[in-house]
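K.L.:
Kindly return the folded structure for what I paste below:
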Amino acid sequence: MKFMKLGSRPDTFCTTETVRSVSSEVSSDLIVQVKGSRYLLHKFPLLSKCLLLQRLCAENQESSQHQIVQLPDFPGGVEAFELCAKFCYGITITLSAYNIVSARCAAEYLQMTEDVEKGNLIYKLEVFFNSCILQGWKDSVVTLQSSKAFPLWSEDLGMTSRCIEAIASKIFANPSKVCLSHSYSRRGRDDISCNGSESQRPKGWWAEDIAELGIDLYWRTMIAIKSAGKVPSNLIGDALRIYAARWLPNISKHTNVDNQVESDQPEMDSIKEVTSKNRLLLETIVSLLPAEKGAVSCGFLSKLLKAANILKASSASKNELARRIGIQLEDATVGDLLIPSLSHTSNLLYDVDLVMIMLEQFMLQGQSPPTSPPRAKGDCERRRSRSAENIDYEFQESRRSSSASHSSKLKVAKLVDGYLQEVARDVNLPLSKFTAIASALPEFARIDHDDLYKAIDIYLKGHPELNKSERKRLCRILDCRKLSMKACMHAAQNELLPLRVVVQVLFFEQARAATAGGQVTELPSNIKALLATQHDDHSSRPTAASFSNIGMTPADDQWSVSGLKSPKSKLSTLKMKLAEDDDLDENYQDGIGKHSRIKSFCMLPNRPRRMLSKLWPSNKTTSDQKN
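P.N.:
Sure thing, here's the model as predicted:
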């Protein structure tokens with residue numbers, strides 16, 4: 001750090017009781033009062049350099065031995081005034097980045113300009129500030145930080161803006177040309193010279209240093225850095241993460257402000273003040289987030305969002321954070337989505353509305369894979385100038401972006417199912433919110449429904465009060481064709497599921513088992529269409545063509561109520577079982593008939609075999625008929 005010494009005389013200031021004076025053979029004739037402190041000084045050395053004292057003494061002529069001058073609003077206090085007074089006496093003073101702002105403000109207040117005397121204090125301070133302070137990294141940061149004590153004075157004198165410009169220019173410059181003494185001295189890296197190679201310096205070497213700034217100065221500095229467009233967005237994101245870690249620690253201790261008792265009113269006021277400052281700090285950080293995707297991690301955005309809920313930040317800030325997480329939702333974890341809900345209007349453990357915002361934003365990214373536009377007549381002539389290589393390249397890029405969008409949806413589907421398993425334990429979570437989150441993604445995003453089934457099972461166990469129609473509505477989001485054998489075995493014995501779902505699970509499991517075991521040589525076309533859809537990567541439902549091949553319409557799908565009751569459906573035996581389900585649900589109230597329902601579950605594994613034997617003949621039956 002650079003410093004400057006002015007004057008050559010030894011320090012002769014001393015304190016007698018509560019008065020500061022100068023040891024001299026000449027008696028003092030001027031009393032200066034600065035914020036409660038009194039100085040016994042001499043007119044000649046001070047008035048020869050301070051235009052303000054000249055004017056005040058001329059306006060208040062007194063016949064007494066000591067003329068009194070009041071300076072109640074002196075910038076920098078007694079330390080800054082004494083520095084200027086010692087300069088007037090020629091006493092040695094030391095100036096550095098730590099006191100140059102207060103000295104400059106004090107000199108401006110006393111009007112120590114060149115008009116009063118050549119080589120006055122203001123001139124010397126400006127030369128030192130421009131030639132030394134602004135040329136060093138550490139000096140610029142420390143000076144900017146010290147300017148927060150004199151916001152109006154330092155702003156009017158241009159010291160704040162000049163420091164910010166100097167800091168930004170050094171960040172843009174090659175790191176090898178910037179002395180990193182401030183960063184490396186704190187890390188025990190003083191052995192690295194100021195002219196070290198760029199490879200020895202991390203790319204974000206400046207982030208920790210400017211993290212010491214207050215939020216106002218930090219915001220202005222980051223705006224100057226971002227506006228130039230020379231710093232990568234990921235480095236901006238890292239700097240914001242470091243700043244948040246520096247200034248937003250342990251915010252959870254401020255969550256119960258409203259629950260403080262009246263006897264703790266002073267403490268509550270203090271906590272509210274801290275909370276308000278942290279809220280402003282967080283919202284400022286949100287406003288500085290880079291717009292580029294991936295500039296900040298989902299984990300960091302999630303921490304900010306959780307802090308925003310705790311600090312009761314504005315809805316705009318919370319929605320913006322949720323939107324940014326949604327843009328890169330495929331990189332998130334289940335823990336990132338578990339945002340505590342502290343709303344007084346809701347008893348939910350987690351804020352599921354913010355997760356819905358994330359999912360909506362995610363689905364806006366690449367809603368449909370890019371396709372080639374239809375060619376109009378005459379397009380061939382216009383496009384002949386383009387090479388085949390360029391066309392092939394564009395096609396490959398189109399395929400790549402489509403594949404990336406598809407894979408990200410698969411990742412998000414696993415993420416959502418894991419999230420649903422966590423929030424399903426909340427007894428206050430409405431069914432509508434659970435199903436809305438589960439249905440937010442397209443059907444092809446879930447290759448299997450095991451995790452979704454687990455979430456549904458957890459929700460049913462945590463909400464035993466659900467009636468028949470609500471349970472059916474909940475299970476509509478489940479595709480039994482996408483359940484593994486283990487999940488099917490569990491579902492077949494799950495008394496919480498509607499009987500309709502259990503029948504579907506058992507039927508498709510028996511059909512798969514019969515086909516895989518070679519017990520059936522040929523399946524009817526309608527059963528083939530149902531079983532084939534579980535392996536389709538593009539859709540989990542049969543296509544319109546597959547329905548037409550088996551003499552059905554999509555409305556007659558065996559998985560819909562209308563399809564099960566349709567005369568065109570060949571699954572006639574299922575109609576009887578579903579009718580039994582309706583009768584059983586009507587008679588099942590408050591546990592009545594529970595024993596008979598359990599018995600029906602136990603008998604189900606044998607019934608699908610009889611139903612399947614009616615749908616198509618087995619090998620044994622065929623051979624018997626031939627004989």
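K.L.:
tell me the contacts of the residue lying closest to Leu288 once chain neighbours are set aside?
P.N.:
Once flanking residues are discounted, Leu288 sits nearest to Met222: 5.2 Å by C-beta to C-beta, 6 or more residues apart in numbering. (C-beta placed from N, C-alpha, C; glycine too.) Met222 sits next to Ile210, Ile236, Ala239, Leu240, Leu288 when contact means C-beta atoms under 8 Å, 6 or more residues apart in numbering.
K.L.:
helix or strand for Met222, which one?
P.N.:
helix 215-228 (DSSP states H and E).
K.L.:
Next, the buried residues of that helix.
P.N.:
Ile215, Leu217, Tyr218, Trp219, Arg220, Thr221, Met222, Ala224, Ile225, Lys226 (16 or more other C-beta atoms under 10 Å).
K.L.:
same check, this time on stretch 142-153
P.N.:
Val142, Thr143, Leu144, Gln145, Ser146, Ser147, Phe150, Trp153.
K.L.:
Could you work out the end-to-end span of it for me?
P.N.:
17 Å (C-alpha to C-alpha, to the nearest Å).
K.L.:
Wait, Val26 touches His42, no?
P.N.:
Yes - contact criterion C-beta atoms under 8 Å: Val26 and His42 qualify, at 6.3 Å.
K.L.:
out of those two, which sits in the busier spot?
P.N.:
When Val26 and His42 are compared for neighbours, His42 comes out ahead with 18 against 8, by other C-beta atoms under 10 Å.
K.L.:
how about Ile31, what does it touch?
P.N.:
Neighbouring residues of Ile31 by C-beta under 8 Å, 6+ apart: Arg38, Tyr39, Leu40, Leu41, His66, Gln67, Ile68, Val69.
K.L.:
Pull the contacting residues for the last one.
P.N.:
Contacts for Val69 were tallied using C-beta under 8 Å, 6+ apart; they are Leu30, Ile31, Val32, Gln33, Leu53, Leu56, Cys57, Asn60.
K.L.:
now, which of those sits nearest Leu499?
P.N.:
Gln33 (92.5 Å; C-beta to C-beta).
K.L.:
For burial, what's the neighbour tally of that closest one?
P.N.:
Neighbours around Gln33, by other C-beta under 10 Å: 14.
K.L.:
quick one: average confidence on the one helix or strand it maps to?
P.N.:
Applying DSSP H and E as the criterion places Gln33 in strand 30-34. Taken as a whole, strand 30-34 has an average pLDDT of 94.
K.L.:
what's the answer for stretch 434-444, then?
P.N.:
The model assigns stretch 434-444 a mean pLDDT of 94.
K.L.:
Start and end of that stretch, how far apart?
P.N.:
19 Å.
K.L.:
Repeat that for stretch 443-457.
P.N.:
End-to-end for stretch 443-457, by C-alpha to C-alpha: 20 Å.
K.L.:
Stretch 209-216 now?
P.N.:
Per C-alpha to C-alpha, stretch 209-216 runs 15 Å from first to last residue.
K.L.:
ok so, going back, and which of the contacts of Val69 is nearest to Lys277?
P.N.:
Nearest member of these to Lys277, counting by C-beta to C-beta, is Gln33, at 34.4 Å.
K.L.:
Run through the strands of the chain in chain order.
P.N.:
3-6, 13-16, 19-22, 30-34, 37-41, 67-70, 93-96 (DSSP state E).
K.L.:
What pairs with the first one, parallel or antiparallel?
P.N.:
Paired neighbours of strand 3-6 in the sheet (DSSP bridges): strand 93-96 (antiparallel).
K.L.:
Could you list the buried residues of the strand it pairs with?
P.N.:
Under the neighbour-count criterion of 16+ other C-beta under 10 Å, strand 93-96 has Ile93, Leu95, Ser96 buried.
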